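Engineer: build me a model:
(2 chains)
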Amino acid sequence: MASARIPTAAELDWLTRRAVAEIIPHDEFVKALQSGKALRLKMGFDPSAPDLTLGHAVGLRKLRQLQDLGHTVVIIVGDWTAQIGDPSGQSKTRPMLTQEQVNENAATYLRQFFKIVDRELTEIRPQSEWFSSFNLADVVRLAAKFTVAQMLERADFAERFRAQQPIGVHELLYPLLQGYDSVAVKSDVEFGGTDQKFNLLVGRDLQAEAGQKPQCVYTVPLLVGTDGEVKMSKSLGNYIGVDDPPNDMFGKLMSIPDRRIAEYFEYLTDVPDDEVASIRESIEARTLNPMDPKKRLAREIVAQFHDTASADDAASFFERTFSKRELPDEVPEQRVSFSSARSEAAAGEDGAVKLPWLLAQLGMAAGTSEANRLVKQRAVEVDGEVVTDPQIALRDGMIIRVGKHRFVRVVDEDK
RNA sequence: GGCGGGGUGGCAGAGCGGUCAAUUGCACCAGGCUGUAAACUUGGCGCCCUUUGGGCUACGCAGGUUCGAAUCCUGCCCCCGCCA
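Structural biologist: Residues are numbered from 1 along each chain as shown, chains lettered A, B, ... in the order given. Predicted coordinates:
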């Protein structure tokens, strides 16, 4: 049997407290770590949302810490449950996905997953491995183990029920399937956000029934998104992706509300507890400008998902572009055929072109209507000058800026 | 199976024959202030045309009545609840 290093007292403390919501049962988990046996750490993922956010990173960082002791991660590709749509924390039924979409998403997801988790100590297990051979009898047997009342204990089901929102019968199957995964892979500990608690506990029950030692349940707190209010999630648009380019990541981190700075440090960095505590205190006491620890946070995190050099670059990019409002020296280029632009959107004798049209073409505005508004509201700059004239002369290499953070260098494709 | 309620823009939720591209809140975008924080403030928020102007597409789906329908009628689909 594979073995793992026994954690030191400090490591143990870190693993069971920092960025941890709850470990059930706590003592059993500690005992397991101290046994020296390599544990199987299960984490499921839902391939309906292929992009990993910093919210996911909270839990993945814990997995990584445990891997560093020699434990094994078992990642479950939820190719069946994704077709159901996880009802956890959802206020609505989610759409089902096709197998093709699932496969595509899984590839994207795993690439990002291994930015944090050690590939060498990871087992990838698609649910279809055990569920494709499931038949109706198996499903009925599984479903018979739970009652409707038990299912309705789940906070989100209960809430939807109360609010007279629809709950699909198939959604009740979701926790059961996820729980069965634990039986299939013989997991020792399952990880998830606090919203997963119910599902994770179902795994314990099913394992016990199957004569296995029930897994421990390890939940991590949910990271609040950039709006500072609700759980970070892609569908709410308040997320920071682990795959976000350094500048974006840095900028998004700078935009989180001050009151969330400390918890971001706590959940996403290795900055020691006492330092985090002092940052928290000085922000509350207003003894330092919150922008400073926030910059540090942004650097720490960008360095983690990219590297130190990128973090430095992102920091100076940020200061130049947003603090001083200068143009960055590297502006993404967009190629446009000047001649066809002139024939399509000619606006004058001199070869000028309609600016709103151009903005829409460049993808800097959703459409010409929006572009028109932006121009009117003085949100458009060309080569550093605010433009209000809806006509514009094309110039190779011209730099167009819309709002604070959209800019493009226009290059003539005809050349 | 019976009875009742309901389907409106990203969400919530008004409107119930013309003045409705549709009140309002949230979210979002942009300007001001600033630290891409908070608070505040101004404008905007279906698409398209250069316009205080015009066109097109929209209020579950399909038809119909009407000079005119998100608003009335018919059929269909879907959701919620109660009773069985």
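Engineer: the stretch 251-400 of chain A: helices as residue ranges?
Structural biologist: Ranges of helices in the stretch 251-400 of chain A, per DSSP state H, counting those that start in this stretch, are A:261-268, A:273-284, A:291-305, A:308-318, A:338-345, A:355-361, A:368-376.
Engineer: how about chain A: which residue is closest to RNA strand B?
Structural biologist: Closest contact between chain A and RNA strand B, by Cβ to the nearest atom of the strand, is at residue A:251 (1.8 Å). Heads up, the C-betas are built off the backbone N, CA and C, glycines and all.
Engineer: could you check the pLDDT of the residue nearest to that residue when sequence neighbours are not counted?
Structural biologist: In this structure, residue A:251 finds its nearest non-sequential neighbour in residue A:318, 6.2 Å apart by Cβ to Cβ, 6 or more residues apart in numbering. For residue A:318, the pLDDT comes out at 90.
Engineer: got the contact list for residue A:318?
Structural biologist: By Cβ atoms under 8 Å, 6 or more residues apart in numbering, the contact list for residue A:318 reads A:247, A:250-251, A:254, A:295, A:298.
Engineer: rerun at 10 Å
Structural biologist: Taking Cβ atoms under 10 Å, 6 or more residues apart in numbering, we find residue A:318 in contact with A:246-247, A:250-251, A:253-254, A:295, A:298-299, A:324, A:328.
Engineer: quick revisit: return the distance of the residue of chain A closest to RNA strand B relative to residue A:323.
Structural biologist: Counting by Cβ to Cβ, to the nearest Å, the gap from residue A:251 to residue A:323 is 11 Å.
Engineer: for the two, indicate the residue with more neighbours.
Structural biologist: For residue A:251 versus residue A:323, neighbours defined as other Cβ atoms under 10 Å are more numerous around residue A:251 (21 against 10).
Engineer: do I have it right that the more buried one meets residue A:406?
Structural biologist: No. Contact between residue A:251 and residue A:406 fails when scored by Cβ atoms under 10 Å: they sit 11.8 Å apart.
Engineer: what about the strands in chain A?
Structural biologist: Using DSSP state E, the strands of chain A run over residues A:22-24, A:40-45, A:72-77, A:122-126, A:189-193, A:216-220, A:333-336, A:352-354, A:380-382, A:385-386, A:391-393, A:398-402, A:406-412.
Engineer: would you reformat these as TSV and include distance to residue A:203 and mean pLDDT?
Structural biologist: Output for the strands of chain A, formatted as TSV (distance: least, Cβ to Cβ, whole Å; pLDDT from 0 to 100):
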stretch	distance to residue A:203	mean pLDDT
strand A:22-24	11	92
strand A:40-45	8	93
strand A:72-77	11	94
strand A:122-126	14	94
strand A:189-193	6	95
strand A:216-220	8	95
strand A:333-336	49	85
strand A:352-354	60	84
strand A:380-382	54	88
strand A:385-386	59	84
strand A:391-393	61	85
strand A:398-402	49	88
strand A:406-412	45	87
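Engineer: redo those as TSV? Include distance to RNA strand B and mean neighbour count.
Structural biologist: Below are the strands of chain A laid out as TSV (distance: least, Cβ to the nearest atom of the strand, whole Å; neighbours: other Cβ atoms under 10 Å):
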stretch	distance to RNA strand B	mean neighbour count
strand A:22-24	29	16
strand A:40-45	25	24
strand A:72-77	29	23
strand A:122-126	30	16
strand A:189-193	22	24
strand A:216-220	24	24
strand A:333-336	16	15
strand A:352-354	5	20
strand A:380-382	8	20
strand A:385-386	8	10
strand A:391-393	8	17
strand A:398-402	6	19
strand A:406-412	6	18
